[in-house]
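A.B. asks: What would the 3D arrangement of this be:
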Amino acid sequence: ENYPVSKEISFHYFYAVSDNALKENWAFAFSAMKNWNSKVESDILKIVTSERNFNLIYFISNQSISDKKRSMKEDALKNKHNVEVRILDRNWIIQKIFANKREELAIDLLNIEVQYNSSKDVGVQDIVKLMKLNTLKDKIKDPNNYTTRKYVLAEDFIKAGKIARSLESPRFETQGYLDQAISIANEVGINNQIIRALYTKAWSIFWWYDDYLTTYKIYQDLEKFALTSDSVEELELLGNILLPLYSYTFTNKISLDINDLVQKKENLFSALKKLFNDKTRPNNSAKAKLVYYELNLFFNYNNEEIVKSSLKKINNILLNSFDLLYLDVLTSINIFKEIGGAFEKYNEYDILFDSICEIVKKREGDIKQGELFLSRAIQKLEIKDYSSSLFLLDKARILFMKEESIDDLFLCSIICCDIYNKMNLLWAARKELLFTINHFSYTFLKTGALNQKLLKCFTELIWIELLLGRVPQILLYTVHLKTINKNFNTP
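C.D. replies: Coordinates of the predicted model:
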């Protein structure tokens, strides 16, 4: 029989456990008798008369039992003994052995004399991944690593699921990690983490395990959280799952309700329109427009007028907004580099491609020039020429306002903060810290990864607020710092 465990302990299993399994009393009976019918009757009777108040009884037989006979016997036993009974037969055992890649285990334990070679060539990259996965598993097993830090536990399960799928591990293993991530994320209650956990599971189940029905069910859960989000990145994740479901259904590769998918597409597009009409958030608005027209292009790739119009819109967005800090232009550029062949016949794509080349050229040139300004600013700082250093850093920052040079941009901010502190310009130093904290917070919401430098920024900010005598702000930032330490810092 099973035994009850606390939810806290179950969070460290490598598979999700239902609340019923944690709280209820289950019994298990195993049989190798040919006459399974009489055996199940006698075993269930013995279990029921033991007066252990079992909620569920499993009977596992090595005989082949038809679905009709199995369901009829389960119903009859439930009516007779007033307890739920589930019968698992030889077909179920065989299916689980092969699906979960347990052939070698079965051969070894049952002493089967058969030629079987499970060895496979493992590359260096897979060895590194396996080492990372084993390290994660060792970390997850120890509850002391996650005292009051469930958010990090969920993140580690997401990482484990991604590594497992890349190693082509059995589905139950990958799905187990991701089910745990979803369960813990729901417990923590941060929508962004729930969305990313659901997305990772849906993406894995569709592309690694070819199960579109389960993917569709996950999408319905994902939609509940993402559609109400004001983050275009979260809506983009929704589109990444809906697009293959929609395309495969239209091409008759899978069978889903097309009318339902069309409605879901309209719901997604409406949510994106709402965001790109919000002029108070230029980065989010530009990104929403870009995602909207990219999805419109891919959803309607057979409609010539929509393709032409979308390509023109995408070209205009890239040309007019490519220097916005949080507009991920490189992702769009890489997408069109990969799938551009599908639009070769359109003159609009040639124009877009020319624009992409110019954008790449300018961005690379800006970063190189920014690196020169940054290097010169550091030289000026070393001789304590603070004014010249600030002037050069300001010029470098303008050139670094790009996703791919984000680290250099915030290095400039940290250096500026240090200079302002030395010049006793506390308000200016405070501004630089808030700018840096805002970026780290954005990255956290986008990826779930928290930069440990955020702790240092908050500590420095509290000190500056203390020098400025702003007690309410000191208390506020101290609460933030304690929250970060509690949930994310290494114990």
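A.B. asks: alpha carbons only for contacts and neighbour counts from here, please
C.D. replies: OK.
A.B. asks: Point out where the chain drops to low pLDDT.
C.D. replies: Along the chain, segments meeting pLDDT under 70 span 1-7, 15-22, 115-121, 322-323, 325-326, 486-491.
A.B. asks: before we move on, which element is the residue nearest to the spatial centre of the chain in?
C.D. replies: Nearest to the mean C-alpha position of the chain, by Cα atoms, centre = their mean, lies R196 at 3.3 Å. Using DSSP states H and E, R196 sits within helix 191-207.
A.B. asks: So which residues of the stretch 1-150 of the chain form helices?
C.D. replies: 7-10, 19-23, 36-49, 67-81, 90-99, 103-109, 124-141, 150-166 (DSSP state H, counting those that start in this stretch).
A.B. asks: For the ones you listed, state which one has the densest average packing.
C.D. replies: helix 150-166 (a mean of 22; mean count of other Cα atoms under 10 Å).
A.B. asks: what's downstream of whichever strand or helix holds I398, the next helix or strand?
C.D. replies: In the assignment (DSSP H and E), I398 maps to helix 386-399. Per DSSP H and E, the first helix or strand lying C-terminal to helix 386-399 is helix 406-422.
A.B. asks: Give me the residues contacting the very next helix or strand once past that next one.
C.D. replies: For helix 406-422, the succeeding helix or strand toward the C-terminus, using DSSP H and E, is helix 426-447. If you take Cα atoms under 8 Å, 6 or more residues apart in numbering as the criterion, helix 426-447 is touched by 192, 233, 410, 413-414, 416-421, 449-451, 454, 457-458, 460-461, 464-465, 468.
A.B. asks: Kindly report the same for stretch 244-252.
C.D. replies: Y212, Y216, I254, S255, L256, I258, L261, V262, F299.
A.B. asks: repeat that with 10 Å
C.D. replies: With Cα atoms under 10 Å, 6 or more residues apart in numbering as the test, stretch 244-252 has contacts from 206-207, 212-213, 215-216, 219, 239, 243, 253-258, 260-262, 264-265, 298-301.
A.B. asks: One more: stretch 455-473?
C.D. replies: Residues contacting stretch 455-473 (Cα under 10 Å, 6+ apart): 414, 417, 421, 426-427, 429-434, 436-437, 440, 453-454, 474-482, 484-485, 488-489.
A.B. asks: hmm, back to that, mind giving me the ChimeraX select for the contacts of stretch 244-252, buried ones only?
C.D. replies: Buried subset of the contacts of stretch 244-252, written as a ChimeraX selection, criterion 16 or more other Cα atoms under 10 Å:
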select :206,212,215,216,219,239,243,256,261,264,265,298,299,301
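A.B. asks: circling back to that earlier point, helix or strand right after the helix holding R196?
C.D. replies: helix 212-226.
A.B. asks: Any idea how far that following helix is from the middle of the chain?
C.D. replies: 14 Å (Cα atoms, centre = their mean, to the nearest Å).
A.B. asks: got the angle between the helix or strand just after that helix and helix 212-226?
C.D. replies: Scanning forward in sequence from helix 212-226 by DSSP H and E, the next helix or strand is helix 232-250. Put simply, helix 232-250 runs at 150 degrees to helix 212-226, going by axes from the mean of the first three to the mean of the last three Cα atoms, to 10 degrees.
A.B. asks: Give the buried residues for helix 232-250.
C.D. replies: Those would be 232-239, 241-247, 249, for helix 232-250 by 16+ other Cα under 10 Å.
A.B. asks: Please apply the same query to stretch 387-402.
C.D. replies: S388, S389, L390, L392, L393, D394, A396, R397, L399, F400, M401, K402.
A.B. asks: then that stretch to CSV, C-alphas only?
C.D. replies: Coordinates of the C-alpha atoms in stretch 387-402 are reproduced here as CSV (Å, rounded to 0.1, in the frame of the first residue of the first chain):
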residue,chain,number,x,y,z
SER,A,387,33.6,64.8,-16.3
SER,A,388,35.2,63.5,-19.4
SER,A,389,34.5,59.9,-18.3
LEU,A,390,30.8,60.7,-17.8
PHE,A,391,30.7,62.4,-21.2
LEU,A,392,32.2,59.3,-22.9
LEU,A,393,30.0,56.9,-21.0
ASP,A,394,26.9,58.8,-22.1
LYS,A,395,28.0,58.5,-25.7
ALA,A,396,28.7,54.8,-25.3
ARG,A,397,25.3,54.2,-23.7
ILE,A,398,23.4,55.6,-26.6
LEU,A,399,25.2,53.1,-28.9
PHE,A,400,24.7,50.2,-26.5
MET,A,401,20.9,50.6,-26.4
LYS,A,402,20.4,47.2,-27.9
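A.B. asks: burial of W427, as a residue count?
C.D. replies: Neighbour count for W427, taken as other Cα atoms under 10 Å: 15.
A.B. asks: Kindly provide the distance from it to K453.
C.D. replies: 20 Å (Cα to Cα, to the nearest Å).
A.B. asks: now N145
C.D. replies: 21 Å.
A.B. asks: ok, now S310?
C.D. replies: 40 Å.
A.B. asks: Neighbour count: these two, which is higher?
C.D. replies: Comparing S310 with K453 by other Cα under 10 Å, the one with more neighbours is S310, at 24 against 12.
A.B. asks: May I see the buried residues of stretch 387-402 arranged in TSV, with distance to N334 as well?
C.D. replies: Shown next, in TSV, are the buried residues of stretch 387-402 (distance: Cα to Cα, whole Å):
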residue	distance to N334
S388	38
S389	36
L390	35
L392	32
L393	30
D394	30
A396	26
R397	25
L399	21
F400	20
M401	19
K402	16
